[in-house]
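Colleague: okay, structure incoming, though there's no sequence with it:
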């Protein structure tokens with residue numbers, strides 16, 4: 001799975017235009033399942049960008065494909081929820097990986113999203 005993300009990462013414009021499940025779900029699985037992964041900063045960045053672009057309705061995948069389950073109901077994620085997710089990933093990247101090559105761009109995106117989230 002990481003190989004597919006690395007290929008897409010090298011052609012950054014492609015991954016941002018595709019918004020494929022590999023970028024969002026693949027990165028989220030890496031983050032949740034292997035938090036000491038050597039390229040976790042890159043996974044955080046890609047997950048943040050994917051959520052940011054979904055909030056803007058960019059890409060080939062529709063934001064309506066992403067849902068959460070509340071009790072017996074399925075609820076579509078809103079643009080605000082995608083932005084909040086992006087902000088979480090970018091904040092984690094900026095706080096935890098100060099030497100990352102993705103930090104500067106994550107901080108730029110965080111400014112546009114209202115600044116980093118408070119540490120929990």
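Modeller: Yep, it's here. Quick caveat, the model's predicted, so the values are computed rather than measured.
Colleague: strands of this structure, residue ranges please.
Modeller: In the chain, the strands defined using DSSP state E lie at 67-70, 73-76.
Colleague: okay, those in JSON lines with distance to residue 87, mean pLDDT and mean neighbour count next?
Modeller: (Glycine included, C-beta is placed from N, CA and C.) Listed next are the strands of the chain as JSON lines, based on distance: least, C-beta to C-beta, whole Å; pLDDT from 0 to 100; neighbours: other C-beta atoms under 10 Å:
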{"stretch": "strand 67-70", "distance to residue 87": "17", "mean pLDDT": "85", "mean neighbour count": "10"}
{"stretch": "strand 73-76", "distance to residue 87": "19", "mean pLDDT": "90", "mean neighbour count": "10"}
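Colleague: right, and the ones you listed - which one's nearest residue 94?
Modeller: strand 67-70 (25.6 Å; C-beta to C-beta).
Colleague: each with direction, which strands does the closest one pair with?
Modeller: strand 73-76 (antiparallel) (DSSP bridges).
Colleague: neighbouring contacts of the strand it pairs with?
Modeller: Residues lying outside strand 73-76 but in contact with it, judged by C-beta atoms under 8 Å, 6 or more residues apart in numbering, are 63-64, 66-69.
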